[in-house]
Each structure stands twice: as C-alpha cells, then as structure tokens.
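J.: Dropping a prediction and its sequence here:
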Amino acid sequence: MTEGRFEFGKNWTSFLAHVDARRVEVAERSMASLLGSDRLAGRRFLDVGCGSGLFSLAARRLGASVVSFDFDEGSVACAGELRRRFFPDDDAWTVLSGSALDREFLASLGRFDVVYAWGVLHHTGRLWEAVDSVAAAVDAEGTLVLAIYNDQGFRSRSWRSIKRLYNRLPRPLRVPYAAAVMLPREALSLAASTARLAPGDYVRSWTEYRKNRGMSRWHDLIDWVGGYPFEVAKPEQVFDRLSERGFELRRLKTCGGGLGCNEFVFRRRTAEV
C-alpha cells in the first residue's frame, strides 16, 4: 500500500456487516436505472476499483458476467466475500487484484460491454492516465460509466489538504478527525431542516441514505474525508478527453458545482482505442 493512501478496504470491510437483501435490491435498481436496462444477460461487465463489491453483485444479479478488481487488497477481500455469500463457486464472476493504471493487466482481461469506474479513478494519483487506461477496455458500442470528483478550484485544494492530513494522523485519531471535519456541515444541514420546521428531514437523510444506491452514509463520509490521493476534473474536461477517444456522451448528472462527483455514461462510437 502506498504511504499516505486511504485504505478503502478497511472502511468497506465494516460496511459488509450492513449488506442485506434490501441494500442489494437498491443497488440493483440503481444499476438498472443508470444503464437503462434491467437485463445484462450475455454482457461482460468490468468493475474497476470494485470497493465493497456491492455493484459487482448488482451487475451479476442482472445477468452480466462480471470481472471485479481493486488495487486495495481489503476491497478485493470484500468483493470476494460478497461473491461467496451470494454466488458461491460461480464461474461468471471473477474477483482479482489489479490496478487501473496497469495497461498490461487490463489488456489481459479483454474487452467489455460495460466498464464501470464509479468514484475510483480520481484516487489513483494519475487521473487522466487511468481514464485512458479503462477506456481502452470498452468494446465496440460498449458503455463506460464514470463518477469523478468535481473541480471546485480553491475548495478542492483545501479538501486535498484535509484528506492528506487524515492519512498522516495516527489511526485512533482518524475517525474523530473525520467527524470533526464534517460536524459544521452536518450542523448546517440540521439547522436548515429545523428552520423549515422539519428536523425529521435531517434524520431521514441518514436513515434513508441507502435508498439512493444501497450504500451507508457513515461509510461514505469516512470515504470522503479520508479518500486520498484526491484529484478533480471539470465536466467539460472529461467530455473532451473521451470525445477525442471515440466516445459519445449519453448521460451526464452534475453535482451542481458543489462537493461530490459528476456522473457520466459514455458509449464508444467505434472499435478503435
């Protein structure tokens, strides 16, 4: 593990205790909505930086043959555990250790109908190299799904410093530090809900968080504060980069200029890389 890099796998290992049928169903619906289809039978699906493995599981349940990989060995173990729970001894779901920056590794996997790199490439430390690398794995007329942190200029640079410090702190101080960092933001959210005479809205933002993509708000919060390396991009930079490489944009959901990721769905126009 590179020094100063957030250990995503440790975070997602604790998340596995919360993975139940409800979370899996939500993740499956989210995947189907994103791809515009609830059937992936006969399609090859590559989960780049698979993290907990929840969305690899969703793709497999939708019928795809799945290859999941991650640089973080803890994340590889998480995805392997979900495969063991839900698809034991299944030869249509493979979990591997690998890097999005390793072109030889990716080339060895072949081409895929769907390449899914959600909230991953901006943590490689070499964002644009990673984008090019995973784009090369998309088959003709295939789909590339990306979520990349939005470039907010000075605010993004401030968050990079916060994240770097998190990973330099002694381990026992990291969770208290993350909570302290996010406390002002959470307090403002609670105050806004209270001002609307609806404090329950804030409570529901925590209790119903999994309805979005089946994830855990607390684990995503730790992922956000600790996620380092940390790179950002403007939506037009992502669009231009992939347009030059034979892709057309099919869907874009921005975070409105704020914190978080811009979400992209691209389709390859030609078979050429």
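T.: Received, thanks.
J.: From Trp224, how far off is Ile162?
T.: Ile162 is 10 Å from Trp224, where distance means Cβ to Cβ, to the nearest Å. No exception for glycine: its C-beta is placed from N, CA and C like everyone else's.
J.: Compare these two and say which is more crowded by neighbours.
T.: Trp224 (19 against 16; other Cβ atoms under 10 Å).
J.: Centre of the chain to the helix or strand encompassing Ile148, how far?
T.: According to DSSP states H and E, Ile148 maps onto strand 138-149. Distance, stretch centre to chain centre, for strand 138-149: 13 Å (Cα atoms, centre = their mean, to the nearest Å).
J.: same question, stretch 183-199
T.: For stretch 183-199, the distance to the chain centre is 27 Å (Cα atoms, centre = their mean).
J.: Run through who's touching it.
T.: Contacts with stretch 183-199, where a contact means Cβ atoms under 8 Å, 6 or more residues apart in numbering, come from Gly200, Asp201, Tyr202, Ser205.
J.: quick one: which helix or strand includes Glu186?
T.: helix 171-195.
J.: follow-up on the earlier one: what strands flank the strand holding Ile148, and is each parallel or antiparallel?
T.: strand 112-118 (parallel), strand 261-268 (antiparallel) (DSSP bridges).
J.: Just say which of those is most tucked in.
T.: Mean neighbours per residue, mean count of other Cβ atoms under 10 Å, is largest over the strands paired with strand 138-149 for strand 112-118, with a mean of 24.
J.: which is the next helix or strand following the helix or strand of the chain with the lowest mean pLDDT?
T.: Ranked by mean pLDDT, DSSP states H and E, the weakest helix or strand in the chain is helix 210-213, scoring a mean of 55. Per DSSP H and E, the first helix or strand lying C-terminal to helix 210-213 is helix 217-226.
J.: List the buried residues in that next one.
T.: Trp218, His219, Asp220, Leu221, Ile222, Asp223, Trp224, Val225, Gly226 (16 or more other Cβ atoms under 10 Å).
J.: Can you show me the strands along this protein?
T.: 44-48, 65-70, 93-97, 112-118, 138-149, 247-253, 261-268 (DSSP state E).
J.: Rounded mean pLDDT for the last one, please.
T.: Read that as strand 261-268. Average pLDDT, strand 261-268: 96.
J.: repeat for the fourth one
T.: Averaging pLDDT along strand 112-118 gives 98.
J.: What's the local residue count around Ser108?
T.: 10.
J.: On the pLDDT front, check it for me.
T.: 97.
J.: Kindly report the same for Ala32.
T.: pLDDT, Ala32: 95.
J.: okay, now the closest residue to it other than its chain neighbours: neighbour count?
T.: Closest residue in space to Ala32, ignoring its immediate chain neighbours: Asp38 at 4.0 Å, by Cβ to Cβ, 6 or more residues apart in numbering. Residues lying near Asp38 (other Cβ under 10 Å) number 13.
J.: can you tell me which residues contact Leu46?
T.: Val66, Val67, Phe69, Leu109, Phe112, Val114, Val115, Tyr116, Val134, Ala137.
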